[in-house]
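Q: only geometry, no sequence info:
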C-alpha cells in the first residue's frame, strides 16, 4: 500500500461532494444572489477532491506514525528483554495487536512483515520497503539506521534501542506541536466564515443594501473580485498554518 496516495471510498466521495456543493450554493447566494451561479463551481470539483484526498492521506500518515511510535516502544522493550531482532519484531507486532484494531495500518503492515519473515525474507529489506511506501520521514530514518546497523554489526540492540527512543520522542513532540496549533486552526476556520456572516447579517438587517451589486455587470465584476480575494485569503491562511514540523 502506498501511503503517499489516498483512494477515497464511495462514502467519502459522496460526503465531500455534498459538502462542497453546499459551500458553492452558499457562496453563489451570498455573492450573486443566485443559486445558478453555483454551477460554475463544478470546474473546481477535481481540484477540491484532489486536495481533500491529499489531506486524508496526510492524516493517515500521521496516524501511521503514532502507531509506529507505539510499535517502537514495544520493539525496544523486547530487545531489552533479550529477544533477537527478528523475535523482538514478532513480539512487538503481537503487542501492537492488543493496542490497535486489526484493521489499523500498522497492525496490517506488521502482520505482512511477520508472514514474509516466515518465508525467510530479510527483515531489513522488509522494513525498508514499508518505510518507502509510508512516505513518512521518521519511519524512513528508522529503516535506514536499522539497515545500516544490521549490515555493519556492532551492538545491534543498543543502536536500535537508542534509535527507537529518539524517533519515538520526535514523533511525540510533533504530535504535541500539532495539538498546540489546533486552537489556531479553529480560529482560522472561524475567521474564514466571518466575511460570509457579515454579508448575511447586512442582507437580513438592511434588505436592498446590496441590490446594486446583484444583477448588474459592474456589481457582478465587483462581487467576483471580492470572491476571488476571499478564496485567495482562505488558501493563504491555510498555507500559513500548514507548518511542517
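A: Arrived safely. Just so it is clear, the structure is predicted and the values come from calculations on it, not from any experiment.

Q: let me see the contact set for residue 133.
A: Residue 133 makes contact with 1, 2, 3, 4, according to CB atoms under 8 Å, 6 or more residues apart in numbering. C-betas here are computed from N, CA, C, even on glycine.

Q: now those residues as TSV including distance to residue 120?
A: Output for the contacts of residue 133, formatted as TSV (distance: CB to CB, whole Å):
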residue	distance to residue 120
1	23
2	26
3	26
4	29
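
Q: keep only those of the residues you listed that are in helices.
A: Among the contacts of residue 133, none falls in helices (DSSP state H).

Q: any of those buried? List them.
A: For the contacts of residue 133, a burial check counting by 16 or more other CB atoms under 10 Å picks out residue 3.

Q: now flag whichever of the contacts of residue 133 is closest to residue 43.
A: Nearest to residue 43 out of the contacts of residue 133 is residue 4 (CB to CB; 26.3 Å).

Q: ok, back up a step: and the furthest pair within the contacts of residue 133?
A: 1 and 4 (10.1 Å).

Q: which helix runs longest in this protein?
A: Max-length helix for the chain by DSSP H is helix 156-205.

Q: please name every helix or strand in contact with that helix.
A: On a contact count with 3 or more CB pairs under 8 Å, 6 or more residues apart in numbering; DSSP states H and E, helix 156-205 meets helix 10-32, helix 45-80, helix 85-99, helix 137-152, helix 217-241.

Q: rerun at 7 Å
A: helix 10-32, helix 45-80, helix 137-152, helix 217-241 (3 or more CB pairs under 7 Å, 6 or more residues apart in numbering; DSSP states H and E).

Q: ok now the third one, how far from the chain's centre?
A: Relative to the mean C-alpha coordinate of its chain, helix 137-152 is positioned 24 Å out (CA atoms, centre = their mean, to the nearest Å).
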